[in-house]
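>>> Following is a predicted model, sequence given first.
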Amino acid sequence: MKNGTYYTKSFTEKLFYFFIFCLLGKIIFSGLSYYISLWAFKIDLTHLESFDNNTIRSYKIAALLDQIGTFLIPSIAFCWFFNKKYNQLLKFQKLKLSTIIALPLILTIMVISSSFLLELNHSIDFSFLGNKTMNLIRYNQEKMDEIHQSFIGTTNKSLLFNFLLMALVPAICEEIAFRGVLQTLLIRWTNNFHIGILISSIIFAMLHFQFYNIIPLLILGLLLGYTIAITNNIWSTILLHFTFNSLSIISIYSKKRGMDLENIITIENSYQNIITLLICIALLFIFWRKNNLLKKIKQNYSA
């Protein structure tokens with residue numbers, strides 16, 4: 001398959017066009033969500049005071065369209081115009097045994113580190129930003145948390161639907177956009193995979209618009225970024241992203257059902273968490289080094 005019409009453009013130009021594609025997708029599909037909600041549910045998504053069933057349904061449709069319109073369609077369009085050899089960017093390969101074995105270790109690191117970092121994020125004093133800014137940030141965070149909580153019901157049908165909407169769709173759409181297209185472009189643009197992964201992770205964290213979760217999101221982005229850089233396989237990060245989101249959904253669902261599974265998913269004792277985290281990091285490093293995967297990162301991102 002020949003490359004896209006604009007394949008020879010510089011990486012600076014490609015980054016610019018990709019951001020434009022995502023911005024246009026965001027604008028178009030936000031407008032589409034707004035009018036669908038008005039037409040189908042008589043809900044104005046820009047002015048919400050309560051969360052009844054119609055509001056939740058309209059927000060779920062908006063969330064689905066936002067993921068598809070902001071990340072998936074722009075990524076596909078970008079590949080069509082700039083790189084029709086999709087695997088050069090998206091890295092859809094068959095999962096290798098070395099990748100499958102490493103995934104539980106990486107997931108454990110993600111879960112434990114996110115728990116620590118969430119506490120750290122909430123303990124930081126951001127009062128230097130000013131009361132007005134902090135009140136706005138706090139309001140947006142509370143509203144976002146309220147929306148996510150309202151998405152998750154107490155029925156098995158609701159749980160399965162939320163696995164699709166809040167776990168699978170974001171995992172596919174965001175990984176294709178951030179780790180497939182954006183990270184690859186940034187690594188080639190900066191000619192440094194560490195800087196490329198860092199920048200894409202910062203953008204990933206910021207675009208979630210969750211100020212009080214920004215540090216865990218940044219580290220999550222870094223872990224996913226290095227995972228695809230080492231494994232050269234986007235299925236690895238899609239599976240990790242999906243499982244991580246699913247654990248969060250199960251945690252909220254279990255609380256609403258009176259079955260708090262959070263203590264099963266995470267270890268309460270901080271020392272045990274630290275020991276588990278260090279063991280997983282050591283085993284992962286040894287395993288990847290033994291299989292010479294760490295040496296293949298630059299090769300995986302060669303033009």
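Arrived safely. Numbers count the residues shown, from 1 in each chain.

>>> Hmm, residue 199 is touching residue 186, no?
Yes: at 5.1 Å, residue 199 and residue 186 qualify as touching, with contact defined as CB atoms under 8 Å. Quick note: C-beta positions are derived from backbone N, CA and C, even for glycine.

>>> More neighbours: which of those two?
residue 186 (23 against 19; other CB atoms under 10 Å).

>>> What sits closest to residue 245 if chain neighbours are left out?
residue 167 (3.8 Å; CB to CB, 6 or more residues apart in numbering).

>>> how close does that neighbour get to residue 233?
For residue 167, the distance to residue 233 equals 19 Å [CB to CB, to the nearest Å].

>>> And the strands in the stretch 151-300 of the chain, which stretches?
Counting by DSSP state E, counting those that start in this stretch, the stretch 151-300 of the chain has no strands at all.

>>> So which other helices or strands are in contact with the biggest helix by length in the chain?
Using DSSP state H, we find that the single longest helix of the chain is helix 11-41. Contacts defined by 3 or more CB pairs under 8 Å, 6 or more residues apart in numbering; DSSP states H and E place helix 11-41 against helix 53-67, helix 73-82, helix 183-190.

>>> Among those, which comes closest to residue 24?
Among those, the nearest to residue 24 by CB to CB is helix 73-82 (7.4 Å).

>>> one step back: pipe the helices and strands packed on helix 11-41 into a markdown table and attach distance to residue 47 and mean pLDDT per row.
Formatted as a markdown table, the helices and strands packed on helix 11-41 follow (distance: least, CB to CB, whole Å; pLDDT from 0 to 100):
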| stretch | distance to residue 47 | mean pLDDT |
| --- | --- | --- |
| helix 53-67 | 11 | 90 |
| helix 73-82 | 27 | 93 |
| helix 183-190 | 37 | 94 |
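
>>> In JSON lines: these, plus distance to residue 280.
Below are those laid out as JSON lines (distance: least, CB to CB, whole Å):
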{"stretch": "helix 53-67", "distance to residue 280": "30"}
{"stretch": "helix 73-82", "distance to residue 280": "31"}
{"stretch": "helix 183-190", "distance to residue 280": "23"}
